[in-house]
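In: sharing a model prediction with you, sequence too.
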Amino acid sequence: MSVSLECKKVKRTGFLPAFLGGGILAAAFPVVNMVVRSEQYLNLPDTPIQILFGANWQIMAMLNVLLVVAGTCLLYHTEYADNAMQKMKALPIRESSIFLGKTVLTIFMSLFVLVIEAGAVAFCSYHWFEIGNGFLGELCKYFGYSFLLMLPCIILSLLISEACKNMWISLGIGVVCMFTATMLPTNDFVLSLFPFAMPFQVFAGSDVTQAMHYIYAIISELVVLCLAQLSFVKIRRAFE
């Protein structure tokens with residue numbers, strides 16, 4: 001029920017067009033890069049997906065994180081505008097269910113963006129490279145791993161947006177966190193666990209142990225962030 005209600009709310013915002021346009025923009029980047037500089041990548045020894053991810057994923061991931069930050073700000077802006085959140089507290093609806101509905105919607109749209117990007121990577125691979133038998137499985141592994149790495153970023157962005165009634169404050173915090181993440185070294189495991197930095201990681205098929213460490217970290221961060229959201233709601237109610 002809460003997810004369907006959230007879908008009705010976003011029709012009056014730029015949430016859906018933002019994710020659609022951002023997904024197309026991110027997907028266009030590897031295509032344009034191959035059109036302009038294909039000679040730099042065709043003779044590399046790695047698989048097509050490894051080459052395309054190595055050349056394009058940092059920019060694509062930054063656009064994905066920016067979409068999440070902007071999208072979550074829009075979702076909660078509709079709640080705080082004209083005191084809509086205070087009016088909803090008078091209804092038999094828990095704030096946690098509102099948060100859950102927005103989480104499911106943001107996760108679905110983020111997955112939709114990744115599907116568009118996967119289509120662009122598949123197109124580049126088929127058009128400029130020779131495709132092996134395990135291409136589809138490798139493509140699913142890379143983008144499935146990228147999807148998992150986005151989950152802590154999504155939850156933390158929603159938590160920041162829920163805490164800040166002013167959309168510009170939450171947007172500013174999100175953008176600062178995003179640019180901070182771009183400056184962190186990706187090869188440092190501890191620093192790369194920052195939720196806004198995790199989407200910049202790339203799946204390395206030869207290092208399954210490292211990938212499992214990130215998955216364990218994702219689960220831990222999701223638990224901590226969900227507990228933080230529940231605690232924040234209770235604390236805010238106590239001071240209202």
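Out: Done, it's in.

In: excluding sequence neighbours, find me the nearest residue to the residue nearest the centre of the chain.
Out: In the chain, the residue lying closest to the centroid (C-alpha atoms, centre = their mean) is M150, at 4.1 Å. Using C-beta to C-beta, 6 or more residues apart in numbering and skipping residues adjacent in sequence, the residue nearest M150 is P199, 5.0 Å away. Where you see a C-beta, it was placed from the backbone N, CA and C, and this is true even at glycine.

In: could you verify my assumption that the one you found touches F147?
Out: No - between P199 and F147 there is no contact under C-beta atoms under 8 Å: 9.4 Å.

In: what's the neighbour count on the residue nearest to M150?
Out: Number of residues near P199 (other C-beta atoms under 10 Å) recorded here: 26.

In: what of R12?
Out: Residues lying near R12 (other C-beta under 10 Å) number 8.

In: how confident was the prediction at K87?
Out: On pLDDT, K87 comes in at 60.

In: and stretch 107-127, how far out from the chain's middle?
Out: The chain centroid and the centroid of stretch 107-127 are separated by 13 Å under C-alpha atoms, centre = their mean, to the nearest Å.

In: buried ones in the host helix or strand of A217?
Out: Using DSSP states H and E, A217 falls within helix 208-239. Buried positions in helix 208-239, judged by neighbour count with 16 or more other C-beta atoms under 10 Å: A211, Y214, A217, I218, E221, L222, L225, C226, Q229, V233.

In: tell me where this structure has helices.
Out: For the chain, the helices defined by DSSP state H cover 2-10, 15-37, 48-80, 84-89, 95-128, 135-163, 167-183, 208-239.

In: now do A228, the pLDDT please.
Out: Per the predicted model, pLDDT is 92 at A228.

In: ah, wrong one, I meant S206
Out: The model's pLDDT for S206 equals 57.

In: and if you look at F112?
Out: Per the predicted model, pLDDT is 94 at F112.

In: just give the number of residues close to it.
Out: Neighbours around F112, by other C-beta under 10 Å: 14.

In: which residues touch it?
Out: F112 is in contact with F19, G23, counting by C-beta atoms under 8 Å, 6 or more residues apart in numbering.

In: mind checking how far stretch 69-86 is from the chain centre?
Out: 19 Å.

In: buried sites along stretch 96-103?
Out: I98, F99, L100, G101, K102, T103.

In: so which of these comes closest to Y80?
Out: Comparing the buried residues of stretch 96-103 against Y80 with C-beta to C-beta places I98 closest, at 11.8 Å.

In: check what pLDDT that closest one gets.
Out: 81.

In: hmm, M34 is touching Y126, no?
Out: No - using C-beta under 8 Å, M34 is not in contact with Y126; the gap is 11.4 Å.

In: the more surrounded of those two?
Out: Set M34 next to Y126 and count neighbours by other C-beta under 10 Å: M34 wins out with 24 against 12.

In: residues touching that one, list them.
Out: M34 touches Y41, L52, C124, H127, W128, counting by C-beta under 8 Å, 6+ apart.

In: distance of it from H213?
Out: 32 Å (C-beta to C-beta, to the nearest Å).

In: do the same with L25
Out: Taking C-beta to C-beta, one finds L25 at 32 Å from H213.

In: count of neighbours near T13?
Out: With other C-beta under 10 Å as criterion, T13 counts 14.

In: now it, nearest residue through space, not along the chain?
Out: In space, T13 is closest to L74, 4.9 Å off (C-beta to C-beta, 6+ apart).
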